[in-house]
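S.K.: Predicted model, plus sequence, below.
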Amino acid sequence: MSEKTTIKVGDKEIILETGKMARQADGAVTVQMGETIILVATVASSDARPGQGFFPLTVDYREKASAAGKFPGGYFKREGRPSEKEILTCRLTDRPIRPLFPKGWFNEVQVQTMLLSADGENDPDIMSILGASVALTISDIPWAGPLGAVRVGRVDGAFVANPTHLEREESDLDLIYVGNASDVVMFEGSADEITDEDFMAALRFGQEACQPMIEAQNTWRESIGKTKREVVTLQVPDEVTAEARDLIADKVIPTLTIAAKKEREAGWKAVKKEAGEKLVEKFGEEVVSDGVLSEVFYKIQKEAVRKLILDDSKRLDGRDFYDIRQIDAEVGLLPRAHGSALFTRGETQALASATMGTLDDAQSFDAYAGGEEEKQFILHYNFPNFSVGETGRIMGPGRREIGHGALAERSLAPLFPRESFPYAVRIVSEVLEYNGSSSMATVCSGSLALMDAGVPLKSPAAGISIGICTETDTDDNIDRYQILTDIIGWEDAFCDMDCKIAGSADGITGFQLDLKLKGLPLGIMQEALEKAKDARFAVLEKMALILAEPRKEFSKYAPRITTVRVNPDKIGALIGPGGKNIKRIVEESGCEINIEDDGSVKVYSVSEEGLTIAMQEIDGITAEIELDKTYRGKVVSIKEFGAFVEVLPGQDGLCHISELANFRVKRTEDIVKMGDEIWVKVIGIDDKGRVKLSRKVAMEERDQMMEGKGDEEGGEDSPKDTPESEA
């Protein structure tokens, strides 16, 4: 029997239903907002795999064209690899639910979301997070939920819960907020340079908006929720842990406080190897498995790192808690790139290159669920194995790379002059060295590369990562904590937070929070944001010493653009049958040409000569006949009352027999013949666009001009008034 409930969030209604679909899953629910509907189903295996040493959680989200009443593109008419939107929604759903599974519980869990119906107004990504929480809450899978999830926008200064795509176009904030009954669990999004104070207000708004969802889930858990299954975690014998502590007691702190990352990691690896061999020798391989060894040394290392921070007020690399690592930067180092920058912060390094293209180079994609269908500004992030000194499979970008690139792109996009800059721009960030927060290094290198390319950014942008180390009581309440600025890799791994904040001197543009805690009080989050602001300003000051503002000139290899407006009625003639005319112009000039429906023609060229050729061709095809202007035209039709003369491609006018000469003409053919080229002047254009031409006036003016020229140069004779002399 199905259960159904409706939740009011702001002025929107969310409908939850369970027991109707996917009834063999451990937990399943449909979530509906407007006419957008998703199904979320979750299943956990009954046992962990032998030797499993990590928690295997898989979150999958898929959109089907049928949800929007469409056919998928391509030959096979079937959806293929997940899109970037689908991958980002997977990550959005994964990150808040992952910390709430029991530590040391290694049973495989899968959470799958399917888009069943898409109305093009309500984004299913936020619904996927809520659906995962509901499905896990009512299932027998051990999980410390429930969670609420809401998208927060701000339209005309007022916060809006779960804005539609249309409302989001008017919003200067796009915040995805996930919270529990009292604390923030995850957030992500972008903003148009929102102030820190307004950002905190948005977080509080999101926290309040989550409460009806949490209350509804608690009600369901009590009424229809399954009894949670017994948790069986990896057990490490106490005597093995005690022996391991004794073996490395005098080596832990000296090794972990080696300043350089590679030496520190190599030293700890050697300590583990030596102690591990002794543990296996003493207790045997059956007791001391690889999983046990991994768990033992992870626990010792985590305790040591946290003790250093909380008890000894020390960080692994010797910095003070709020210090930023040394920053170095260089711009213009890639000669053929349109803009480039190398940004190094400590042992994290990102190389960004900027490429400018035509608007035809903008990325287009299917958007079954509505929203953006084209991107004029693109950022791609790559993380090669050598950046951490390791080997590995070389392949295309994974979920992590797509997620980090999207964060950096969101952080820079609000500063990109989309409406006034007629170029598509792509940033490629190559992470060449990694020890924490490469996405924020990408924001910094990307900002410098854009300015090096001459892109008129609204403001430079920088990003920083803030961490936290906490000590909690038995109820997971925080007893004490220490905020950390510019965290390194091991501080991310063994502490509790990675909060990335990016923006300009005027406000925040991009943000993302990942927690290993079950939640963080908003009061502590406000402290972290204050430290992030201080650090962001410090990084911006360093960047300004390298390049303070966009260059005034583009690279010589970047395309120049010239924009002309033509009569929209001329677009067909410019394109030509089957694109014949425009293809010819592109081939002859080497330019790229973008034609808009409103008559705007944008010509992109890296060659002045090519630009001249293109502009002459375009003008020749699209020019309008002007009153009182003299043209050299071709006779295309002979009539008793005169001749029709083509003065521009496809445009002609009538030269009446009385206007053919300054004497009486009996027959048109006495003066002109088909194909003759003659000079004519436009003497009239009536309301219907009919053009009146005069050869007589044109020749009189030419005679006067030549007489004047003859006086100046010695009185040369003017040409005879015949078509032959005009040729």
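M.R.: Okay, I see it.
S.K.: rest of the way, CA atoms for contacts and neighbours
M.R.: OK.
S.K.: Low-confidence stretches in this structure?
M.R.: Within the chain, the stretches with pLDDT under 70 are 708-727.
S.K.: rerun that using 50 as the cut-off
M.R.: 713-727 (pLDDT under 50).
S.K.: and the helix ranked longest in it, how far out from the chain's middle?
M.R.: The longest helix of the chain (DSSP state H) is helix 196-223. Distance of helix 196-223 from the chain centroid (C-alpha atoms, centre = their mean, to the nearest Å) equals 27 Å.
S.K.: I'd guess Thr85 is in a helix, am I close?
M.R.: For residue 85 the amino acid is Lys, not Thr. Yes. Counting by DSSP: H, G, I helix; E, B strand; the rest coil, one finds Lys85 located in a helix.
S.K.: State the distance from it to Arg91.
M.R.: 10 Å (C-alpha to C-alpha, to the nearest Å).
S.K.: ok, now Arg480?
M.R.: Arg480 is 30 Å from Arg91, by C-alpha to C-alpha.
S.K.: got it, and Pro577?
M.R.: Taking C-alpha to C-alpha, one finds Pro577 at 48 Å from Arg91.
S.K.: neighbour count winner among these two?
M.R.: Arg91 (18 against 10; other C-alpha atoms under 10 Å).
S.K.: Figure out how far the host helix or strand of the more buried one is from the centre of its chain.
M.R.: Arg91 is part of helix 84-97 when elements are defined by DSSP states H and E. Centroid displacement of helix 84-97 relative to its chain, using C-alpha atoms, centre = their mean, is 15 Å.
S.K.: Run through who's touching that helix.
M.R.: With C-alpha atoms under 8 Å, 6 or more residues apart in numbering as the contact definition, helix 84-97 has outside contacts at 58-63, 125, 128-129, 132-133, 145, 178, 185-186, 399, 402-403, 514-515.
S.K.: Show me just the buried residues among the residues you listed.
M.R.: Listed as buried from the contacts of helix 84-97 are 59-63, 125, 128-129, 132-133, 145, 178, 185-186, 402-403, 514-515; burial here means 16 or more other C-alpha atoms under 10 Å.
S.K.: can you map out the helices along the stretch 451-600 of the chain?
M.R.: Assigned by DSSP state H, counting those that start in this stretch, the helices in the stretch 451-600 of the chain fall at 489-494, 522-546, 571-575, 580-589.
S.K.: Same list (those helices) but as CSV, adding mean neighbour count.
M.R.: Below are these laid out as CSV (neighbours: other C-alpha atoms under 10 Å):
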stretch, mean neighbour count
helix 489-494, 19
helix 522-546, 17
helix 571-575, 18
helix 580-589, 17
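S.K.: now stretch 361-379: how far from the chain's centre is it?
M.R.: On C-alpha atoms, centre = their mean, the centre of stretch 361-379 falls 9 Å from the chain's centre.
S.K.: Do me a favour and get the end-to-end distance for it?
M.R.: Using C-alpha to C-alpha, the two ends of stretch 361-379 sit 13 Å apart.
S.K.: Now it: buried residues?
M.R.: Result for stretch 361-379 [16+ other C-alpha under 10 Å]: buried residues 362, 367-371, 375-379.
S.K.: which residues touch the closest residue to Gly206 other than its chain neighbours?
M.R.: Spatial nearest neighbour of Gly206, excluding adjacent residues (C-alpha to C-alpha, 6 or more residues apart in numbering): Tyr177 at 5.8 Å. Tyr177 makes contact with 149-152, 184-188, 203, 206-207, according to C-alpha under 8 Å, 6+ apart.
S.K.: Helices - which of those residues land there?
M.R.: Judged by DSSP H, those include 203, 206-207 as members of helices.
S.K.: from those, which is closest to Cys469?
M.R.: Relative to Cys469, the closest of those is Leu203; by C-alpha to C-alpha it sits at 21.5 Å.
S.K.: What about that closest one, how many residues nearby?
M.R.: Neighbours of Leu203 (other C-alpha under 10 Å): 22.
S.K.: so what's the residue nearest to it when sequence neighbours are not counted bridging to?
M.R.: Nearest non-adjacent residue to Leu203, counting by C-alpha to C-alpha, 6+ apart: Tyr177, 7.1 Å away. Tyr177 has these beta-bridge partners by DSSP bridges: Val150, Phe187.
S.K.: Also Ala28?
M.R.: Ala41.
S.K.: measure it to Leu407 for me?
M.R.: 30 Å.
S.K.: More neighbours: which of the two?
M.R.: Remark: of Ala28 and Leu407, Ala28 carries more neighbours, 29 against 26, as counted by other C-alpha under 10 Å.
S.K.: do you know how far the more buried one is from Val296?
M.R.: 36 Å.
S.K.: ditto for Ile585
M.R.: In terms of C-alpha to C-alpha, Ile585 sits 70 Å off from Val296.
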